[in-house]
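1. what's the 3D shape of this:
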Amino acid sequence: MPFSVALLRKMDSVPPDLKEVLWLLLEEIEQQREAAVTKTDFNQLRDIVRELAEAQKRTEQRVDTLAVRMEELAEAQKRTEQRVEELAEAQKRTEQRVDTLAVRMEELAEAQKRTEQRVEELAEAQRETTREIASLSRAHDNTRSQVGGLARTMAYALENEAYRMLPAFLKTQHQLEVSERLVRTWINGEEINFFARGRRGGENVVIVGESVMRLDDRGKLSQLQRKLDAARAVETSPLVPLLVTHFAHPELLEQARREGIVVVQSFEWG
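-> Predicted coordinates for the structure are as follows:
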């Protein structure tokens, strides 16, 4: 054990018996000192070990927590991978559907093209039909004009013949004597085909008549009624309504006679 030089010099001056005792005492002191140092170090070491044990415990707890977290993360990763796989599968189906829709769109576009072509063909056919209708309409108008002209010609022919034949026919068949010749005239804005003054049973009367090609419509009776109303507004003598026609429907003929209308069919004076 180390001692200072001064102590060693002093020990040399001490008697041998006392020197032995001093050495023993010094050795005892040194042992005590070493023992004290060792215990302190042990206590410190124990504290360090305790702290290390606590730190290890916390580390293990943290490791356990991290392990749990790692398991959670691993599970989450697994779910994420499953979701990614599902999304990938959905994406695949979407792409397939998009491809199908693209094909369908191409088909629809082609169908639309064919439809437009068909519409154009129909439009052209419609235009051609319109032109044909216009042509037929013009032809129809011409025909109507011709028919109308023919009808007017026949009506005028009927009237002209009636002007010549009626006076004698009315006298013999209806005891109606025409004192003034029959004429066509206008009264209160109405064209009167047959107008004449006459006598029947000693009474002065006014003959107001209409000519129609065929008496087959009740509207023609109403037409005669308008003529009568127009004449009644200016005449004071009784009116004798007259209808001259080529042919009268039996029902209308009977109705006219009930209403006091003299109906003369052209074949009757032949």
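
2. Where do the strands of the stretch 51-200 of the chain begin and end?
-> Counting by DSSP state E, counting those that start in this stretch, one finds strands in the stretch 51-200 of the chain at the ranges 177-178, 183-187, 190-200.

3. and the angle from the longest one to strand 183-187?
-> Counting by axes from the mean of the first three to the mean of the last three CA atoms, to 10 degrees, strand 190-200 lies at 120 degrees to strand 183-187.

4. Quick check: buried residues in strand 190-200?
-> Using 16 or more other CB atoms under 10 Å as the test for burial, strand 190-200 gives 190, 192-196, 198, 200. Every residue, glycine included, has its C-beta placed from N, CA and C.

5. Let me have those in TSV, extended by distance to residue 6 and pLDDT.
-> What follows is the buried residues of strand 190-200, written out as TSV (distance: CB to CB, whole Å; pLDDT from 0 to 100):
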residue	distance to residue 6	pLDDT
190	174	95
192	180	96
193	180	95
194	184	96
195	184	97
196	190	96
198	193	96
200	194	94
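
6. follow-up on the earlier one: so which of the strands of the stretch 51-200 of the chain comes closest to residue 122?
-> Nearest to residue 122 among the strands of the stretch 51-200 of the chain is strand 190-200 (49.0 Å), distances taken as CB to CB.

7. Show me what the helix or strand following the closest one is packed against.
-> Moving toward the C-terminus from strand 190-200, the next helix or strand (DSSP states H and E) is strand 203-215. The helices and strands touching strand 203-215, judged by 3 or more CB pairs under 8 Å, 6 or more residues apart in numbering; DSSP states H and E, are helix 16-174, strand 190-200, helix 218-232, strand 239-248, helix 250-258.

8. Name the strands paired with strand 203-215 and say parallel or antiparallel.
-> strand 190-200 (antiparallel), strand 239-248 (parallel) (DSSP bridges).

9. Tell me if I'm right that residue 173 and residue 268 touch.
-> Yes: look at residue 173 against residue 268 with CB atoms under 8 Å: they come within range, at 7.5 Å.

10. still on that earlier bit, most packed of the helices and strands packed on strand 203-215?
-> Mean neighbours per residue, mean count of other CB atoms under 10 Å, is largest over these for strand 239-248, with a mean of 21.
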